[in-house]
Structures are given as C-alpha cells and as structure tokens.
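>>> structure of the sequence below:
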Amino acid sequence: MSFLKPKDVIEEGDTVILYLTVNSMHAIEATPTIVNKKGETIENIFQTSYGALKVRNIIGVSYGSRVELSKGWAYVLQPNPELWTQTLPHRTQIIYTPDISMILFQLEVRPGSVIIESGTGSGSLSHYFLRAIKPSGHLHTFDFHEARAQQAREEFQRHGLGDFVSVYHRDVCQLGFGDELDGKADAVFLDLPAPQIAVPFATKTLKLEGGRFCSFSPCIEQSQRCCIALQEHGFTEIRSMEILQQEHIVKTRTMPVLDLEFLKHKKPSTENKDENHTEETNAKLESAKTPKETKKVLTSSAPSTLPGHTGYLTFATLPPAFVR
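Residues are numbered from 1 along each chain as shown. The predicted structure is shown next:
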C-alpha cells in the first residue's frame with residue numbers, strides 16, 4: 001500500500017526504496033520471511049554493496065530513517081513514481097522521466113482524467129498516470145502479453161492502486177480497446193511497434209468533446225506513418241518531438257582582473273627614453289611583487305558527452321465531434 005498516500009511508518013508488505021547512493025537504490029518488499037527454492041520458509045536477508053539488511057528490522061521504522069547494514073548504512077524511503085522508475089524490475093524497456101514529464105504535460109492529465117494506455121510493459125509510465133488522475137480518475141492499460149498483464153495487475157494491487165486501474169490482456173492493433181470504452185477517454189497513449197494501426201480504435205475511445213493523443217516510437221519512420229494515420233482520422237495540431245535532457249556543468253572559476261593602468265599614461269618621448277626605461281623596469285619589478293587582483297565568476301559549460309536517442313513523441317488533438 002506504499003503508493004496510495006503518504007505514510008509515516010513502514011508496515012509489513014510495503015514496497016520500500018532502500019537508498020544507498022544516488023546511483024544505487026533498490027526496491028524491496030517489507031516481509032520478514034521468504035520461501036526459498038526448496039519451499040522452506042527462511043529469514044528475509046537483502047544483500048547490498050554495503051552489506052546485508054535483515055528486512056524484519058525495518059518494519060515499524062519511520063520512512064526517511066537511516067538503517068544499519070552489516071558494512072555500512074542506508075535510508076529507507078517511501079516509493080514514488082520517480083524512485084520506482086529507477087528501481088522497478090524490467091519486464092520490457094521503459095520510458096524515463098524526461099519523456100514522461102512531456103507526456104503528462106501534453107496530454108493534459110489531471111485528477112479525474114480517464115486515460116487509455118497501450119502497452120503496459122513494466123508499468124513505469126502507468127504509475128505516473130495513476131498519481132496524476134487520483135482520486136477520481138481511472139487508467140485503462142492494455143498489453144498483448146498475458147504474463148506481463150497479470151504481473152502488472154498484481155503489482156498495482158500490492159501498491160494499493162488497484163481501484164484506479166484496469167489491466168487488460170489484448171492485442172489492440174487487431175481487436176481495438178473494446179466497445180465499453182468508446183467515447184470514454186480524455187487521452188490515449190500508445191507505445192506500439194505499429195501505432196498507425198491502432199489510431200482508428202483510439203479515435204473511437206476519445207470523448208465526443210475531443211481529446212489528446214500521444215504515441216512513443218523509437219524510429220522516425222514509425223512516427224511518420226502515425227502522423228499520416230492521424231491526419232486521415234481528423235486529428236489536428238499533429239507534432240513530433242524528441243526530448244534530450246542535458247545537464248550543464250556549473251563551476252566557480254577564479255579569473256585575473258586585467259590591469260589597464262598603463263592606458264592612463266602618455267607614451268614617453270625619445271629623449272627621455274633611457275631614463276623612462278629605467279623607471280619602467282623598476283615599476284615592473286615593483287608590480288611583480290604585488291599580487292594581482294582576481295575575481296570569482298560562476299560559469300556554465302556543456303558536458304563532454306551528450307545523451308543518446310530514446311524515442312520520438314507524436315502528439316495530436318481530436319477536435320469535438322461537431323467540427324470534425
């Protein structure tokens with residue numbers, strides 16, 4: 001029940017994020033015992049790079065607390081969609097936060113929204129949808145793989161989100177989303193190899209007052225075929241984009257201040273050249289002993305490597321029925 005609402009104390013059965021470092025986190029179930037491959041009930045011991053954790057010891061502990069490991073320590077955190085995306089068991093490739101943030105924004109997801117998603121995959125995006133549509137919205141998520149659909153259904157139940165989501169095992173490219181969902185959705189999201197095949201079915205599910213559409217495709221050819229299908233079915237504002245997150249390197253640098261005092265003095269005449277040369281030499285020796293003025297400046301520079309390609313997001317709007 002960890003995802004349902006904010007909690008203070010870890011209860012048995014909760015999903016807990018064990019935070020070691022920013023690049024090392026694990027999702028564990030707060031269960032004191034587990035059944036091994038031989039069918040025996042044994043103590044639940046979770047191994048980490050900083051030693052072992054007896055999971056029994058975190059039950060009853062406050063979220064955010066520091067817990068001792070056999071060779072160090074870690075923090076126990078309540079899960080949220082961002083942490084879950086970094087620690088979930090991968091059943092398929094997943095969509096990450098930079099793309100997800102744009103999807104939620106462009107689909108105008110809000111509490112009370114009815115969302116259709118295909119396919120479910122590992123449930124990364126599904127958890128973001130569920131957080132955004134609670135407490136009165138609903139997510140209908142489809143996957144053509146029966147085992148993955150069942151795993152996702154059980155996972156949502158364990159996380160306390162079962163009342164807000166319906167999981168279906170169906171190939172939507174061949175069978176559509178079902179007559180019961182016609183005209184019910186505010187937005188449709190597709191993560192399919194051939195999204196253009198599912199566009200006619202997605203059009204039927206959107207409400208009479210219209211709605212938003214999004215497709216995620218790794219190849220630009222898939223996005224192009226989807227755009228053609230969207231145009232043929234009356235969608236407008238069709239737009240494809242690629243989200244590349246780039247973190248700039250920010251540093252404080254110390255820079256010398258340029259001394260322009262010499263510009264205030266006239267150039268010496270020829271007859272006084274020797275005399276002035278001696279004075280100039282003495283002045284240079286004197287100035288060499290004086291520390292130069294410096295100034296600290298906050299600078300920003302691009303990283304040496306750039307993030308690679310993830311996928312193309314294609315967005316579109318279906319106008320209200322009376323103007324189609």
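
>>> so what's residue 156 up against?
With contact set as CB atoms under 8 Å, 6 or more residues apart in numbering, residue 156 has these partners: 123, 126, 130, 162, 165, 167. Yep, even glycine has a C-beta here, placed from its N, CA and C like the rest.

>>> switch the cut-off to 7 Å
162, 165, 167 (CB atoms under 7 Å, 6 or more residues apart in numbering).

>>> kindly report the same for residue 83.
By CB under 7 Å, 6+ apart, the contact set of residue 83 is 17, 25, 77.

>>> residue 119 too?
Applying CB under 7 Å, 6+ apart, the residues near residue 119 are 142, 143, 144, 191, 192.

>>> count of residues packed around the fourth one?
When neighbours are counted by other CB atoms under 10 Å, residue 191 registers 22.

>>> ok, it touching residue 214?
No: with contact defined as CB atoms under 7 Å, residue 191 does not count as touching residue 214 (9.2 Å).

>>> on the three-state scheme, the closest residue to residue 86 other than its chain neighbours is what?
Spatial nearest neighbour of residue 86, chain neighbours left out: residue 25 (5.9 Å); criterion: CB to CB, 6 or more residues apart in numbering. Look at residue 25: counting by DSSP: H, G, I helix; E, B strand; the rest coil, its state is strand.

>>> quick check: residue 25 vs residue 76, distance?
11 Å (CB to CB, to the nearest Å).

>>> the more surrounded of those two?
Neighbour tally, residue 25 and residue 76, criterion other CB under 10 Å: the higher count belongs to residue 76, 22 against 18.

>>> can you pull the pLDDT of the residue nearest the centre of the chain?
Central residue of the chain (CA atoms, centre = their mean): residue 97, 1.2 Å from the mean position. Residue 97 carries a pLDDT value of 92.

>>> pull the CA atoms of stretch 102-120 into PDB?
Provided in PDB are the C-alpha atoms of stretch 102-120 (Å, rounded to 0.1, in the frame of the first residue of the first chain):
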ATOM      1  CA  MET A 102       6.300  15.900 -21.500                       C
ATOM      2  CA  ILE A 103       3.700  13.200 -22.000                       C
ATOM      3  CA  LEU A 104       1.800  14.200 -18.800                       C
ATOM      4  CA  PHE A 105       2.000  17.900 -19.800                       C
ATOM      5  CA  GLN A 106       0.900  17.400 -23.400                       C
ATOM      6  CA  LEU A 107      -1.900  15.000 -22.600                       C
ATOM      7  CA  GLU A 108      -3.200  17.500 -20.000                       C
ATOM      8  CA  VAL A 109      -3.500  14.700 -17.400                       C
ATOM      9  CA  ARG A 110      -5.200  15.800 -14.200                       C
ATOM     10  CA  PRO A 111      -7.300  14.400 -11.300                       C
ATOM     11  CA  GLY A 112     -10.400  12.800 -12.700                       C
ATOM     12  CA  SER A 113      -9.000  12.100 -16.200                       C
ATOM     13  CA  VAL A 114      -9.800   8.800 -17.900                       C
ATOM     14  CA  ILE A 115      -6.600   7.600 -19.700                       C
ATOM     15  CA  ILE A 116      -6.100   4.700 -22.100                       C
ATOM     16  CA  GLU A 117      -2.600   3.200 -22.300                       C
ATOM     17  CA  SER A 118      -1.100   0.500 -24.600                       C
ATOM     18  CA  GLY A 119       1.100  -1.300 -23.800                       C
ATOM     19  CA  THR A 120       1.600  -1.600 -20.100                       C
END
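
>>> now the helices for this protein?
81-87, 97-106, 124-133, 146-158, 172-175, 195-205, 220-232, 273-289 (DSSP state H).

>>> output those helices as TSV; include the columns distance to residue 181.
Below are the helices of the chain laid out as TSV (distance: least, CB to CB, whole Å):
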stretch	distance to residue 181
helix 81-87	24
helix 97-106	20
helix 124-133	15
helix 146-158	16
helix 172-175	10
helix 195-205	5
helix 220-232	19
helix 273-289	81
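
>>> those: which one's closest to residue 6?
Closest approach to residue 6 among the helices of the chain (CB to CB): helix 124-133, 11.8 Å.

>>> so which elements touch the closest one?
helix 81-87, helix 97-106, strand 114-118, strand 138-143 (3 or more CB pairs under 7 Å, 6 or more residues apart in numbering; DSSP states H and E).

>>> now do that helix: everything it contacts.
Under CB under 7 Å, 6+ apart, the answer for helix 124-133 is 3, 81, 84-85, 88, 94-95, 100, 104, 109-113, 115, 117, 120, 139, 141, 161, 164-165.
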